[in-house]
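[1] Fold the following.
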Amino acid sequence: MKRLIKKITVINETPLLISSLSKNYMKSIDFIPSTTLKGAYLSRIIDGDKLFKEKSKPQTSLSFTDAFPSMKCQMNVPSLATLSKDESGKIADKLNVIIDELEGRKKIGEEVVRLKKGPRNWFLDGEVKEIRVKRFHASVIEVDPKLKTVRTVRENNEIKGLFSHVIAISPGHQFTFEVKGEEQEIQELESMLKNGEINVGALRTDGYGKLRLLKAEKEEVEIDDRRDDFLVMDIYGYLPYSKYTEALEALKEFFDVKVKIVSIEERRSLDYDEWEVRNYVRTGSVVLLKRKKDIKEELYNSRLKDIVVNSIESGGRIFFNHKVHEKQGS
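    Numbering: from 1, shown residues only. Have a look, this model is predicted:
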């Protein structure tokens, strides 16, 4: 079967609640995790007769990346650790300053750089611009499905489920992600999204989180050529730590790591009756590498493409030499 990588852009037609829970308060995070996308897809293809009867998972060839707010179908690295905001409020990439200090062209601290995290950003028309996510506020009363009365269960002196405050993402936002898998199955996913058959997040039965397809296009993995000896590796989405270390291991033959601005997050997930603990490299992390002497570009270019494709299979996405860094070094 033919396998493809496609870049897919969707719009949320109804409020989106990928919930972060705190007692009776539900607030949506501002992206759609790859696991949420995959789970929503699997729920559409699962065999209802086997549900809850067999300890088995529905099989799919599809791998998803996280879906972040986007513009013009762009997949841009959000919240890069090397972005800095000046006094006028303009956001610029400051990796070139780090390189100049590393190479001795500038003294350390000569130029003050206030590296920042968030808000979400895109790189558009040669500039870094902020993504502003609009929120939808609502209140939900939970009704007992049998008695048809408002629940009044008390927990820690709070009436649980009686009244919930919801802060969701308003309808009309674009989200872009990549999907890798067999061509036929990707087409089935596109058809579901085109028909508005996939809902993600909390309160789906109340109509929240309906996604509609805007655009799907074949994605070619390309590595931008550079005139200098540096390679920049950016993390988009939450990349399993194992994939991050595999990427560095695959690169060490050609590059030396010079700077790592990387943050790690531990996550726990329930797999049937067992808890799994995994570490992820957070989105926006940056690694700066320098090419070893006498190593020609054609020797490692295919290796870089393999690393990118491999990262898509894990939910995150690795970018090499993103254009936001194009003014780096000299």
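[2] going forward, measure contacts between C-alpha atoms and count neighbours the same way
    Fine.
[3] Low-confidence ranges, the stretch 1-150 of the chain, go.
    Filtered on pLDDT under 70, the stretch 1-150 of the chain yields the residue ranges 1, 20-24, 47-58, 72-79, 113-122, 124-125, 140-150.
[4] same thing but at 50, please
    Scanning the stretch 1-150 of the chain for pLDDT under 50 picks out no residues.
[5] For it, which segments count as strands?
    Secondary structure of the stretch 1-150 of the chain by DSSP state E, counting those that start in this stretch: the strands cover 3-12, 19-22, 25-28, 63-64, 68-69, 83-85, 91-93, 121-124, 127-130, 135-140.
[6] Output the ones you listed as CSV; include the columns distance to Ile295.
    Formatted as CSV, the strands of the stretch 1-150 of the chain follow (distance: least, Cα to Cα, whole Å):
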stretch, distance to Ile295
strand 3-12, 29
strand 19-22, 47
strand 25-28, 47
strand 63-64, 33
strand 68-69, 36
strand 83-85, 30
strand 91-93, 27
strand 121-124, 31
strand 127-130, 32
strand 135-140, 50
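[7] what about the longest helix in this protein?
    For the chain, the helix with the greatest residue count under DSSP state H is helix 297-312.
[8] returning to what we had before: relative to Lys292, which of the strands of the stretch 1-150 of the chain is closest?
    With Cα to Cα as the criterion, Lys292 lies closest to strand 91-93 of the strands of the stretch 1-150 of the chain, at 24.7 Å.
[9] what sits up against the closest one?
    By Cα atoms under 8 Å, 6 or more residues apart in numbering, the surrounding residues in contact with strand 91-93 are Thr82, Leu83, Ser84, Lys85, Asp86, Glu127, Val128, Lys129, Val324, His325.
[10] could you redo the last one with a cut-off of 7 Å?
    For strand 91-93, contacts defined as Cα atoms under 7 Å, 6 or more residues apart in numbering pick out Thr82, Leu83, Ser84, Lys85, Val128, Val324, His325.
[11] Touching, Ile307 and Ala247? I think so.
    Yes. Between Ile307 and Ala247 there is a contact under Cα atoms under 7 Å: 6.1 Å.
[12] and the contacts of strand 91-93, which are buried?
    When the contacts of strand 91-93 are checked for burial by 16 or more other Cα atoms under 10 Å, the buried set is Thr82, Leu83, Ser84, Val128, Val324, His325.
[13] is it true that the fifth one lies in a helix?
    Yes. Following the definition DSSP: H, G, I helix; E, B strand; the rest coil, Val324 is counted among the residues of a helix.
[14] Can you tell me how far it is from Asn195?
    Distance of Val324 to Asn195, computed by Cα to Cα, to the nearest Å: 35 Å.
[15] about what we covered before: give me whichever of the strands of the stretch 1-150 of the chain is most buried.
    Each of the strands of the stretch 1-150 of the chain was scored by mean neighbour count; the highest is strand 68-69, a mean of 26, by mean count of other Cα atoms under 10 Å.
[16] which other helices and strands contact that strand?
    Judged by 3 or more Cα pairs under 7 Å, 6 or more residues apart in numbering; DSSP states H and E, the packing partners of strand 68-69 are strand 174-182.
[17] got the angle between the strand it packs on and strand 3-12?
    Here the directions of strand 174-182 and strand 3-12 differ by 150 degrees (axes from the mean of the first three to the mean of the last three Cα atoms, to 10 degrees).
[18] helices or strands next to strand 174-182 in the packing?
    strand 3-12, strand 63-64, strand 68-69.
[19] Show me the one of those strands that comes nearest His173.
    Between the helices and strands packed on strand 174-182, strand 3-12 lies closest to His173; by Cα to Cα that is 5.4 Å.
[20] With just CA atoms, put the closest one into CSV.
    Taking Å, rounded to 0.1, in the frame of the first residue of the first chain, the C-alpha atoms of strand 3-12 are listed here in CSV:
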residue,chain,number,x,y,z
ARG,A,3,2.1,5.6,2.2
LEU,A,4,1.9,9.4,2.3
ILE,A,5,2.4,12.4,4.5
LYS,A,6,-0.3,15.0,4.2
LYS,A,7,-0.7,18.4,5.8
ILE,A,8,-4.3,18.9,6.9
THR,A,9,-6.0,22.1,8.0
VAL,A,10,-9.4,22.0,9.8
ILE,A,11,-11.7,24.5,11.4
ASN,A,12,-13.6,24.0,14.6
